[in-house]
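Asks: predicted model, plus sequence, below.
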Amino acid sequence: MVGFIVTNQCSFHKPVKFPENPLASLAVEKIGRSSVHYRMALFNQVPTKKSISIHFNILNDGCFSDWSALEGFESLACTTAMSTHVFVDTMSEKPKELPEGFKKGLQKIMIPL
């Protein structure tokens, strides 16, 4: 099974400049039979003299707005995006139903309705 990007859109709201290191966020908006709709955003660091370091292991199970480590980042995204992936059989390239284990992983980062 492989995922094809069938829709992709990105909006830039304000610049990210070198050597800034924005925080990237990813969420699932909708899980279909063979497709996934994602939302993404980049958040700039709040200007301070203190460097913020977040190890990627902390972010494995998601990151939520009330998490104290996010205090060092702006609350409004500098970039927002959405993307739809359709998962297909590698040989036939026909849509293939998402495996249950894959769906469970995606549900961990699903946007609450």
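Replies: On my side now, so go ahead.
Asks: so where do the helices sit in the protein?
Replies: Here the chain has its helices, by DSSP state H, at 100-107.
Asks: below-threshold pLDDT in it: ranges please.
Replies: Residues of the chain meeting the criterion pLDDT under 70: 48-71, 113.
Asks: again, 90 this time
Replies: 16-26, 43-77, 108-113 (pLDDT under 90).
Asks: strands along that one, start to end?
Replies: All strands of the chain, identified by DSSP state E, fall at 2-12, 23-31, 35-43, 79-88.
Asks: tell me the centre residue of the protein?
Replies: Among the residues of the chain, the one closest to the centroid is residue 26, at 1.3 Å (CA atoms, centre = their mean).
Asks: re the thing from before, between the strands of the chain, which one is nearest to residue 112?
Replies: Among the strands of the chain, the nearest to residue 112 by CB to CB is strand 23-31 (9.7 Å). C-betas here are computed from N, CA, C, even on glycine.
Asks: report the angle between the closest one and helix 100-107.
Replies: Going by axes from the mean of the first three to the mean of the last three CA atoms, to 10 degrees, strand 23-31 is angled at 130 degrees with respect to helix 100-107.
Asks: which helices and strands does strand 23-31 pack with?
Replies: Applying 3 or more CB pairs under 8 Å, 6 or more residues apart in numbering; DSSP states H and E, one finds that strand 23-31 makes contact with strand 35-43, helix 100-107.
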